[in-house]
Structures are given as C-alpha cells and as structure tokens.
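In: Sequence below, structure please.
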Amino acid sequence: MSQELEIEFKNLLEENEYHRLLSAFSIDDEKKVIQENFYFDTAQFSLKNQGAALRIREKNGTYTLTLKQPVPRGLLETHQVLTGEEAKQMLDGGPIIDGEVSTILKTLSINPMDVTFYGSLKTKRAEVEYKKGLLVLDKSYYLNRCDFEVEYEVTDEVIGKEIFNELLLQHNIPIRKTDNKIRRFYDRKKQILLGEEHS
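Out: Numbers count the residues shown, from 1 in each chain. Model (predicted):
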C-alpha cells in the first residue's frame with residue numbers, strides 16, 4: 001500500500017489542439033502507452049457523492065487498485081497492488097480485495113460489499129517532463145466516445161497553475177472547465193441510461 005498527494009491541472013482539447021501539442025513536444029506513437037481504468041462505485045454512487053473515486057488501473061500487465069479522496073489541496077490517492085487474479089475477481093463481480101482500500105471505505109461509511117464494477121475507460125497516454133512537473137497528453141475512449149486532454153502534474157499548486165496557464169496561452173488553447181475522467185465517464189453513462197446519448 002502507498003499513498004500520495006495528487007496535484008494536477010487539466011484541460012480538455014480539440015483533436016487539432018491535441019495533435020499540435022504532440023508535435024510541439026516531439027511525441028510519436030512509440031512514446032505512448034495504453035492504460036485502462038476500471039471504475040467502481042455503489043448503486044447509490046456513494047463514492048462519487050463524496051467526491052471520491054475507486055478504480056483498478058491496468059498498465060503494462062500490472063493492476064493497481066486506487067482510491068482517490070478529496071483533501072484541501074488536491075486528491076489523496078491510496079494505491080494497493082493487485083494480482084491479475086484479484087483484479088479479475090473484482091471485475092467479475094467479486095468483493096473488493098481486503099486491504100488498506102477496503103479499510104478506508106469503511107471509514108467513509110461505505111460497505112466494500114456494496115461496491116460494484118461500472119465500466120472501463122481506455123487511454124493512450126504520452127508523458128513528458130516539463131518545467132519541474134509532468135505534462136500528460138491523453139486520448140481516451142469510453143462508452144462510444146473519444147476525448148482529448150492535457151494534464152500537468154506538479155508538487156507546487158501555485159507555480160504549477162501559472163506554468164499550465166502559460167502553456168495553454170502559448171499554444172492558443174482556451175481554458176475549459178474540465179471534469180476528471182471518472183466524472184466524464186459517469187456523466188456519459190448517465191446520458192446513455194437516460195437515452196440522451198447524442199447530446
């Protein structure tokens with residue numbers, strides 16, 4: 001088990017803006033990795049309602065269960081490495097694997113047995129070091145939708161925000177209100193469930 005504080009800035013991109021940034025940072029397909037996020041919540045969306053999120057991420061054959069919780073500056077991430085068999089068990093409807101994550105869920109008044117798998121989001125990700133932070137360009141596929149996003153992961157919130165906004169300005173990219181991937185996934189899922197998938 002490990003924990004880390006995540007401070008990141010994000011902005012949705014138009015496809016042409018995404019390609020401009022790939023070109024500006026000399027990123028080709030060899031520098032991209034595929035990762036898949038599998039999202040979990042209760043039937044009442046207890047995690048989402050608390051601003052939290054639970055996922056399994058598969059990257060290069062490694063499975064990591066991550067609980068994200070809001071804190072005053074960013075998100076606190078609790079990571080728990082799973083075996084392939086444990087991940088499959090959860091994806092097939094089994095319970096949350098015992099460990100630090102299930103212990104924290106109980107402190108949030110969420111019964112780990114009530115958590116269920118909702119779906120997945122696949123991302124083609126490119127990462128480059130940029131001004132003491134990590135610049136991330138993502139192309140994500142989920143529920144018959146594709147979107148593009150730039151993220152900037154930093155340790156200093158104030159300086160990071162300034163650098164990120166300068167980057168957007170430099171590349172003529174407007175600042176857009178951008179929800180995180182899990183919220184976009186659930187908003188899209190809700191559209192489909194309500195029969196509004198073309199909106």
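
In: How about the secondary structure of residue 35?
Out: For residue 35, the secondary-structure state derived from DSSP: H, G, I helix; E, B strand; the rest coil is strand.

In: From residue 121, how far out is it?
Out: Computed as CB to CB, to the nearest Å, the residue 35 to residue 121 distance reads 9 Å. Using the backbone N, CA and C atoms, a C-beta is placed for each residue, glycine as well.

In: Pick out whichever of those two has more residues nearby.
Out: residue 121 (23 against 17; other CB atoms under 10 Å).

In: Just the element for that one, please.
Out: strand 116-130 (DSSP states H and E).

In: helices or strands up against that strand?
Out: Helices and strands touching strand 116-130, by 3 or more CB pairs under 8 Å, 6 or more residues apart in numbering; DSSP states H and E, are strand 32-41, strand 133-142, helix 181-193.

In: What strands line up against the first one, and which way round?
Out: Each strand paired with strand 32-41, and its direction, by DSSP bridges: strand 53-59 (antiparallel), strand 116-130 (antiparallel).

In: Tell me who's in contact with residue 112.
Out: Contacts for residue 112 (CB atoms under 8 Å, 6 or more residues apart in numbering) come out as 95, 96, 102, 105, 106.

In: secondary structure class for the second one?
Out: In the three-state summary, residue 96 is assigned as coil, counting by three-state DSSP.

In: And the pLDDT for the closest residue to it other than its chain neighbours?
Out: Spatial nearest neighbour of residue 96, excluding adjacent residues (CB to CB, 6 or more residues apart in numbering): residue 112 at 4.0 Å. Residue 112 carries a pLDDT value of 93.

In: just residue 198 next, same as before
Out: 56.

In: Repeat that for residue 184.
Out: pLDDT, residue 184: 93.

In: Contacts only, for it.
Out: Taking CB under 8 Å, 6+ apart, one finds 142, 147 in contact with residue 184.

In: The most centrally placed residue in the chain: what's its closest spatial neighbour, skipping adjacent residues?
Out: Centroid check for the chain by CA atoms, centre = their mean gives residue 181 as the closest residue, at 4.7 Å. Among residues not flanking residue 181 along the chain, residue 121 sits closest, at 5.8 Å (CB to CB, 6+ apart).

In: Quickly list what that neighbour is bridged to.
Out: residue 37.

In: can you check residue 137 too?
Out: residue 126, residue 150.

In: For it, give its distance to residue 22.
Out: 6 Å.

In: which residues do those two both contact?
Out: residue 126.

In: Give me the pLDDT for the residue lying closest to residue 34 once chain neighbours are set aside.
Out: Distance criterion CB to CB, 6+ apart; nearest residue to residue 34, sequence neighbours excluded, is residue 124 at 5.8 Å. pLDDT recorded at residue 124 is 96.

In: contacting residues around residue 124?
Out: By CB under 8 Å, 6+ apart, the neighbours of residue 124 are 32, 33, 34, 138, 139, 140.
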